[in-house]
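S.K.: no sequence on this one, just coordinates:
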């Protein structure tokens, strides 16, 4: 049995879609328990008209909410009864195996490190979203923003943790690990990349394939893309912004006249199918790796399906004992 | 009269499209001279069947070519008779006002600094492409890859040079200058951004609007986006890769069945028009700013129109005396 605490107050569609996603996950996985954390009356409201296995769904009341505008460090310290702080504490105290939230990324990243804590020997806990590619194969980006200034030895740990995650949680055999760089030649790179490259090449527990240019990330040329958090945030956000800009222009084209509207309607089913490949929400949310328990961030606009996938992802993470493997490979007991 | 040296051997479509683009530019602008640099016999071959003003078109023979696979530093040093080295020397010697190339970015970036040289007082010469946005308004990204490790004072100069370029060359009044960052709050940023932010805020010769997240770049929330070259390369390449991935999936959707093919054909004219907004090649190529003469890089796959636009861009740059303005604002004679 895996016990997943879920932030019922996090994201744009809370609590209705979050609760719905939790109940879906319970239906799909009899080995999963959910602890819904948040304002009890609102959660009860969202549950109306639904049926579920009461033994596997518990409400944990939390009276406060951390908004996306709140300063991360201050809110983790001050909002002791917020759904994020209460949920993370459940993980720290061993009352839950994982915590899923669509709420404030900043508060989750800070709270994950401060409340749940890192595995002994893990220097930094990276944020590791799956990115979409046009081949339909997922690629992992880490660190996507938890640690904006990192050292070569941190990047080495990111590479190892990312490799374990892709192999065990996503099922990619011998994942191809690459470092994000401005070119493929060995002379290329900033000081951090140049210092990290030989360390990665010397590792014998990952399949290091060298550098990857940012242009190739969405073409799926690597299974794990390693970088520090500032670079990762740039890649993640540029990808999201560009995809949304192109989709906006596509919609504009479809709506521009009668002919294009008809054309758009005829194209729609095939387009939906093709673009589903470019949607990574089927893999659930983005984990923070290297913590003593699992913390997963879903998109702020996540709907029930993404929440459900994130809860199911926690089961795989737990069953594959990914934290245990990370501790074994990187931990001080090494 | 502006004298533009053009690398007739650079890019995927050289020399035919390059030569065609040059002749187009000569037709459009009677105040422009072109010096086509490259293998004379190949240039003459490409000229066959064309007509042009012979007084304003000169061939400068160069027997070598720097390939995109050649190591930049070594090739600049060793291939003395390559079109890139010969073209850059024409600028250095004052025989041309600008050099346009679709060839090796690396060789151009190195050669620009080493052969043409920086304006006295300019510490680093950034590579400054115009990025497409979904609003159709251009945004300038600098540095997009010339200087992968930069200091706060370099970024301050990038901001000033970018502002001058957008105002004078592109015609944006009081350009909104922002620094690329992982969030908008002042506590956000890596060490470089945190050190640079107050310096930018203290400048009185730019319209600094604070941080911009990478997600907003293609939405046109700033006219000038400032960063060091590693970050800029990540943003530029992720944008290009993502746009190409989405377009690939769109094409796949259109080709998937008869219904979608008809729909695609009906949508095509409107789509072409909408996506034209997301094409920055109408602004020509990407300049390196802060050099004693102008060096412009176009896409490797540039066709005649983009080459023509890049040549015309050199005329604006020259007439608006942008190097002179940069020297006045940043130079040692300040």
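M.R.: Right, received. Where do you want to start? Since the structure is predicted, the reported quantities are computational estimates derived from the model, not experimental observations.
S.K.: Looks like residue A:199 contacts residue A:153 (just checking).
M.R.: Yes - using Cβ atoms under 8 Å, residue A:199 is in contact with residue A:153, at 7.3 Å. C-beta coordinates here come from the backbone N, C-alpha and C atoms, glycine included.
S.K.: and residue A:291, bridged to which residues?
M.R.: Here residue A:291 shows beta-bridge partners residue A:118, assigned using DSSP bridges.
S.K.: what's the closest non-adjacent residue to residue A:314?
M.R.: Once flanking residues are discounted, residue A:314 sits nearest to residue A:98: 3.8 Å by Cβ to Cβ, 6 or more residues apart in numbering or on different chains.
S.K.: Share the number of residues neighbouring the one you found, please.
M.R.: Residue A:98 has 28 neighbours, counted by other Cβ atoms under 10 Å in any protein chain shown.
S.K.: Please report how far it lies from chain B.
M.R.: Note on residue A:98: its distance to chain B, by Cβ to the nearest Cβ, to the nearest Å, is 25 Å.
S.K.: Distance check, that residue against residue A:29.
M.R.: Distance, residue A:98 to residue A:29, using Cβ to Cβ, to the nearest Å: 13 Å.
S.K.: just to revisit the earlier point, show the contacting residues for the residue nearest to residue A:314.
M.R.: The contact partners of residue A:98, taken as Cβ atoms under 8 Å, 6 or more residues apart in numbering or on different chains, are A:2, A:3, A:4, A:5, A:91, A:293, A:294, A:295, A:296, A:314, A:317, A:318.
S.K.: rerun at 6 Å
M.R.: The neighbourhood of residue A:98, defined by Cβ atoms under 6 Å, 6 or more residues apart in numbering or on different chains, consists of A:4, A:294, A:314.
S.K.: do residue A:131 as well
M.R.: By Cβ under 6 Å, 6+ apart, the neighbours of residue A:131 are A:139, A:141.
S.K.: Next up, phi/psi of it, please.
M.R.: Dihedral pair for residue A:131: phi -100, psi 150, per degrees, to the nearest 10.
S.K.: For beta bridges, what are the partners of it?
M.R.: residue A:139.
S.K.: who's the residue nearest the centre of chain A bridged to?
M.R.: When Cα atoms, centre = their mean is applied to chain A, the residue found nearest the centroid is residue A:286 (0.4 Å). Residue A:286 forms beta bridges with residue A:297, as assigned by DSSP bridges.
S.K.: That one contacts residue A:299, correct?
M.R.: No - counting by Cβ atoms under 6 Å, residue A:286 stays clear of residue A:299, with 8.9 Å between them.
S.K.: for the stretch 51-200 of chain A, what spans make up the helices?
M.R.: Counting by DSSP state H, counting those that start in this stretch, one finds helices in the stretch 51-200 of chain A at the ranges A:72-78, A:83-92, A:105-111, A:152-165, A:191-202.
S.K.: wait, which of these is closest to chain B?
M.R.: Across these, the minimum distance to chain B, taken as Cβ to the nearest Cβ, is reached by helix A:191-202, at 5.3 Å.
S.K.: What lies in contact with the helix or strand just after that closest one?
M.R.: Later in the chain than helix A:191-202, the nearest helix or strand by DSSP states H and E is strand A:207-213. Applying Cβ under 6 Å, 6+ apart, the contact partners of strand A:207-213 are A:174, A:176-179, A:181, A:184, A:200-201, A:221-222, A:225, B:237.
S.K.: pLDDT below threshold where in chain A?
M.R.: For chain A, applying pLDDT under 70 flags the ranges A:332-334.
S.K.: which residues touch residue A:239?
M.R.: B:238, B:242.
S.K.: same thing but at 8 Å, please
M.R.: By Cβ under 8 Å, 6+ apart, the contact set of residue A:239 is A:131, A:132, A:217, A:218, B:238, B:242.
S.K.: Widest-spaced pair of the residues you listed?
M.R.: The two members of the contacts of residue A:239 with the most space between them (Cβ to Cβ) are A:132 and B:238, at 12.4 Å.
S.K.: pull the longest helix from chain A.
M.R.: helix A:229-254 (DSSP state H).
S.K.: Just the buried residues of that helix, please?
M.R.: The neighbour-count criterion (16 or more other Cβ atoms under 10 Å in any protein chain shown) identifies A:229-246, A:248-250, A:252-254 as the buried residues of helix A:229-254.
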